[in-house]
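In: what follows is a predicted protein model with its sequence.
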Amino acid sequence: MALLVLSSILLASAILSTDSRAEGLSGYLEIEFGRADTELRNSGGQSIDTSSDTLTQLYNLNLDKKIYPNLGLLASGLFQKRDISSDVDGMKSDTTTTTLRPYVHLNLRTPLYFAEAAYSRNEEKRENSGFSPVTTVRESYVATLYWRPDRFPDLRLQYSRDHLYDKERSSLDTITDLYQATSNYRPTGTLSLYYHGTLRNTDLRLSDTTTKELNNNGRVNYSNNWWRRRITFGLDYNVTNQVLETETSGGGEVGLRVFPFAGLSTASDTPENIVLLSNPALIDGDLTAGTGIDLGLPPPGGDTRMRNMGLDFLVATEINTLYVWVDRDAMQVADAFSWRVYTSDDDPSDGIQSWVLRQTVSPAVYSPTFNRFEIRFANVNARFVKVATSPLSPVVPNALLFPTILVTELQAEIRRPASEVSGKLTTTSQNGTLDFRAVLLEPIHLTYEFTYLFTHRDPGDLRYTASNGLSFFRQFNKVFSGRGRVAFENGEEQAGYREAVVYTASVAAVPFQTLFQSLTLSGKEETVAGGKDSNISILLYNVAKLYEGIDANLGGGISFQEDPAGRKVRNTQVNAGATFVPNRKVNLTLLYNGTKTVSSGGDLAGEATDSTRAGEADLAFTPVQTVYLFGSYRVERSTSAPSRNILNYSLNWSPFPDGTLHMTFYYNETVRSDDSKERSIVPNLRWYFTRRSYLNLSYQNLKSETPALTTTSNVYSGTVRVPF
């Protein structure tokens with residue numbers, strides 16, 4: 001049967017791939033067959049055997065046509081049928097999922113205005129043996145008008161209706177009407193104005209609950225300079241008014257969107273102690289564009305560190321739900337992700353931030369309708385909230401199909417029972433920053449700095465920080481330079497009134513073009529609600545290019561901290577690294593980092609010492625263009641966690657990079673000293689029998705071993721794709 005289907009597709013491709021297709025008409029058909037055999041064996045020798053056969057048929061047709069010079073029509077239809085037969089230790093089951101997605105989009109574009117109307121329907125029917133079939137439908141309507149006159153405010157108006165229901169109206173029936181208005185105006189090069197308003201009406205028909213959510217958000221940004229930039233001034237003000245009206249006579253939940261001040265992200269395997277970097281794209285409202293965060297399978301030798309993504313609310317804020325939006329349907333591998341939820345109230349401005357693990361969610365609920373993960377956890381109340389997850393592991397079945405899964409947005413909600421929020425709830429939040437700088441003495445760049453940051457919520461209190469400071473920079477000669485800053489800060493925080501003196505001084509030396517050295521002293525003396533704490537640190541940093549292809553860095557420092565309770569903490573850290581690139585084929589990297597923390601006083605009896613050390617060597621070798629070899633060895637030692645040695649090596653071979661026949665072979669193995677290891681063997685063959693049509697055959701041999709459980713999987717798959 002499979003041979004008959006394959007031969008029919010190959011014959012059809014000769015017709016479909018010709019140049020006789022109608023103008024604007026395109027599409028593709030794709031047939032995929034897969035089989036997975038998995039054995040789970042525990043330490044006692046007991047095992048569970050599972051197997052599954054999957055046949056997926058996918059047919060797509062698109063029409064993209066210009067009706068008039070400014071009027072375009074895009075229509076598409078997608079039909080997908082997936083049959084899965086499973087056997088779990090003799091218990092057989094069959095599942096058939098049929099998906100139908102028609103889509104029509106009409107758009108009118110001119111230099112002055114843009115208008116569009118679209119309709120889409122996603123109907124998914126799921127049939128499981130022994131159960132009644134369930135059909136879920138999502139119908140969406142969108143109408144947009146965008147006016148963009150020259151030198152005047154632009155205006156974007158949009159209406160959308162989303163109806164999500166099952167055909168029997170037994171478990172799901174929700175209608176959401178959304179009205180949006182957005183305007184941007186830049187009257188001068190230094191001033192920009194922004195407004196965004198939304199009205200969202202939600203009808204949860206099965207629970208007899210309706211919500212009406214009105215949001216008005218305005219933003220003013222001004223930035224200017226005078227006197228050859230000796231005086232600069234910046235102002236940013238943001239205000240949001242939110243009104244939620246809820247009527248209910250039943251159950252159900254209501255989710256109230258919580259808007260953050262900033263989006264944050266970084267990659268790190270130490271999520272408990274890391275300062276996240278600003279990432280505005282995480283909260284810009286664009287659910288399709290990437291944010292630089294990739295959850296997909298890293299390439300050999302790629303970045304496998306945990307992806308940390310978070311939100312800054314400026315003040316402690318209560319939430320219990322995070323939505324992580326991605327750019328593609330990741331349903332096949334969604335359950336492989338484990339999400340750690342962290343909170344923090346530390347000010348990261350001094351380069352130090354500690355996070356507290358609140359909950360681990362595994363797996364999170366994934367919605368293929370919206371392409372998002374819903375991470376639900378117990379209520380937390382903090383200024384900073386983040387989730388951390390590792391990218392796809394090679395041992396996850398079908399991981400090779402997802403080399404990229406880009407995060408597009410991170411949203412927060414507080415969800416409550418509808419009965420608790422019945423009635424009208426109004427909140428107004430304001431936040432702003434003001435920055436003024438004046439150069440007093442140009443020869444030493446002596447600058448007066450004033451900054452003011454505030455946030456106010458109604459109901460709620462005013463939180464603010466005002467800072468007055470002086471800074472300087474002086475180039476003493478060709479080798480040495482120095483800079484320093486001292487500032488007095490005062491303000492109101494959640495804990496009470498705050499005063500602080502913040503200072504920093506550094507000396508840098510560049511004796512040669514290939515050598516940079518710096519010594520930095522920084523500190524803070526702070527009083528919050530009568531409680532005093534202090535922090536002082538010294539850091540030495542060196543970067544050198546020792547020879548062509550040999551780079552090295554060495555850094556070390558010590559810090560002293562004392563909190564209001566009298567606890568004293570001394571932290572010492574050393575970081576070193578070297579990179580050797582003798583030629584284009586070889587890259588060797590050596591890394592070392594170590595920390596030692598000594599705590600005493602306060603509620604501690606005696607002295608507590610905690611230390612961690614880690615060393616790593618990475619070697620990448622490309623003997624020929626078609627072969628890539630990578631190996632790494634890492635040693636971790638800690639007084640608070642078991643010691644670990646981690647060995648990783650991988651091979652990527654592509655013997656036929658050109659032509660119509662492409663073959664790849666991938667091998668990856670990770671061995672840890674805790675008697676756990678992972679292995680992946682993945683050969684893949686792709687034949688382009690026409691310029692765009694191909695047959696792809698793949699095999700995955702995956703094995704994961706721990707002292708408690710051994711998992712072995714063999715996955716076979718074949719795909720034929722014929723575009724036209």
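Out: Perfect, I can see it now.
In: and the strands in the stretch 601-724 of the chain?
Out: Along the stretch 601-724 of the chain, the segments classed as strands by DSSP state E, counting those that start in this stretch run 607-621, 627-638, 644-653, 661-672, 677-688, 694-705, 709-723.
In: let me see the domain layout of this protein.
Out: Following automatic domain parsing, one gets these domains for the chain: 148-252+418-460, 263-417, 462-531.
In: need those domains in a markdown table with distance to Gly606, mean pLDDT and mean neighbour count, can you?
Out: (Glycine included, C-beta is placed from N, CA and C.) Below are the domains of the chain laid out as a markdown table (distance: least, CB to CB, whole Å; pLDDT from 0 to 100; neighbours: other CB atoms under 10 Å):
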| stretch | distance to Gly606 | mean pLDDT | mean neighbour count |
| --- | --- | --- | --- |
| domain 148-252+418-460 | 41 | 90 | 15 |
| domain 263-417 | 23 | 89 | 18 |
| domain 462-531 | 23 | 94 | 15 |
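In: in TSV: the strands of the stretch 601-724 of the chain, plus distance to Glu123, mean neighbour count and mean pLDDT.
Out: Converted to TSV, the strands of the stretch 601-724 of the chain look like this (distance: least, CB to CB, whole Å; neighbours: other CB atoms under 10 Å; pLDDT from 0 to 100):
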stretch	distance to Glu123	mean neighbour count	mean pLDDT
strand 607-621	48	15	93
strand 627-638	44	17	94
strand 644-653	41	17	93
strand 661-672	36	17	93
strand 677-688	32	17	93
strand 694-705	28	18	93
strand 709-723	24	18	94
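In: would you format these as a markdown table with distance to Glu442 included?
Out: Output for the strands of the stretch 601-724 of the chain, formatted as a markdown table (distance: least, CB to CB, whole Å):
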| stretch | distance to Glu442 |
| --- | --- |
| strand 607-621 | 46 |
| strand 627-638 | 50 |
| strand 644-653 | 54 |
| strand 661-672 | 57 |
| strand 677-688 | 60 |
| strand 694-705 | 64 |
| strand 709-723 | 64 |
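In: related to what we said a few turns ago, out of the domains of the chain, which is closest to Lys81?
Out: Of all the domains of the chain, it is domain 263-417 that lies closest to Lys81, at 15.3 Å by CB to CB.
In: pull the distance from the closest one to the chain's centre.
Out: 5 Å (CA atoms, centre = their mean, to the nearest Å).
In: let me know the pLDDT of Ser8.
Out: Ser8 is assigned 47 on the pLDDT scale.
In: which SS class is Thr428?
Out: For Thr428, the assignment made with DSSP: H, G, I helix; E, B strand; the rest coil gives strand.
In: who does it bridge with?
Out: Judged by DSSP bridges, the bridge partners of Thr428 are Asn241, Asp458.
In: with respect to Thr110, which of the strands of the stretch 601-724 of the chain lies nearest?
Out: Here strand 709-723 is closest among the strands of the stretch 601-724 of the chain (CB to CB), at 32.3 Å.
In: tell me which residues of the helix or strand encompassing Glu127 come out buried.
Out: With secondary structure defined by DSSP states H and E, Glu127 is part of strand 113-128. Within strand 113-128, the residues that count as buried by 16 or more other CB atoms under 10 Å are Phe114, Ala115, Glu116, Ala118, Tyr119, Ser120, Arg121, Asn122, Glu124, Lys125.
In: tell me the one of those nearest Phe512?
Out: Nearest to Phe512 among the buried residues of strand 113-128, with distances taken as CB to CB, is Phe114, at 56.7 Å.
In: tell me the contacts of that closest one?
Out: Counting by CB atoms under 8 Å, 6 or more residues apart in numbering, Phe114 touches Asn107, Leu108, Thr144, Leu145, Tyr146, Arg148.
In: which of the residues you listed sits closest to Val407?
Out: Using CB to CB, these come closest to Val407 at Thr144, 25.2 Å.
In: tell me the pLDDT of the closest one.
Out: Thr144 is assigned a pLDDT of 95 by the prediction.
In: which element is it on?
Out: Assigned by DSSP H and E, Thr144 belongs to strand 134-147.
In: just the C-alpha atoms of whichever helix or strand comes after that strand, please, in PDB.
Out: Next in sequence after strand 134-147, counting helices and strands by DSSP H and E, comes strand 155-166. Output of strand 155-166 as PDB, limited to C-alpha atoms (Å, rounded to 0.1, in the frame of the first residue of the first chain):
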ATOM      1  CA  LEU A 155      -4.500  55.600  13.100                       C
ATOM      2  CA  ARG A 156      -5.000  51.900  13.100                       C
ATOM      3  CA  LEU A 157      -8.500  50.500  13.800                       C
ATOM      4  CA  GLN A 158      -9.200  46.800  14.100                       C
ATOM      5  CA  TYR A 159     -12.100  44.600  15.000                       C
ATOM      6  CA  SER A 160     -11.900  40.800  15.500                       C
ATOM      7  CA  ARG A 161     -14.200  38.100  16.600                       C
ATOM      8  CA  ASP A 162     -13.100  34.700  17.800                       C
ATOM      9  CA  HIS A 163     -15.500  31.900  18.400                       C
ATOM     10  CA  LEU A 164     -14.100  28.800  20.000                       C
ATOM     11  CA  TYR A 165     -16.400  25.900  20.500                       C
ATOM     12  CA  ASP A 166     -17.000  22.200  20.200                       C
END
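In: SS state for Leu400?
Out: helix.
In: distance of it from Asn684?
Out: 7 Å (CB to CB, to the nearest Å).
In: got the contact list for Lys478?
Out: If a contact means CB under 8 Å, 6+ apart, then Lys478 has Val510 as its contacts.
In: does it count as helix, strand or coil?
Out: Following three-state DSSP, Lys478 is assigned to coil.
In: how much space between it and Pro511?
Out: According to CB to CB, Lys478 and Pro511 sit 9 Å apart.
In: the lengthiest strand in the chain to strand 709-723, inter-axis angle?
Out: Ranked by residue count, the top strand of the chain under DSSP state E comes out as strand 47-68. If you take axes from the mean of the first three to the mean of the last three CA atoms, to 10 degrees, strand 47-68 sits at 30 degrees to strand 709-723.
In: overlap in contacts of Leu400 and Asn684?
Out: Any residue near both Leu400 and Asn684 by CB under 8 Å, 6+ apart counts here, and that gives Tyr666, Ser698.
In: for Phe370, which non-adjacent residue is spatially closest?
Out: Trp325 (7.3 Å; CB to CB, 6 or more residues apart in numbering).
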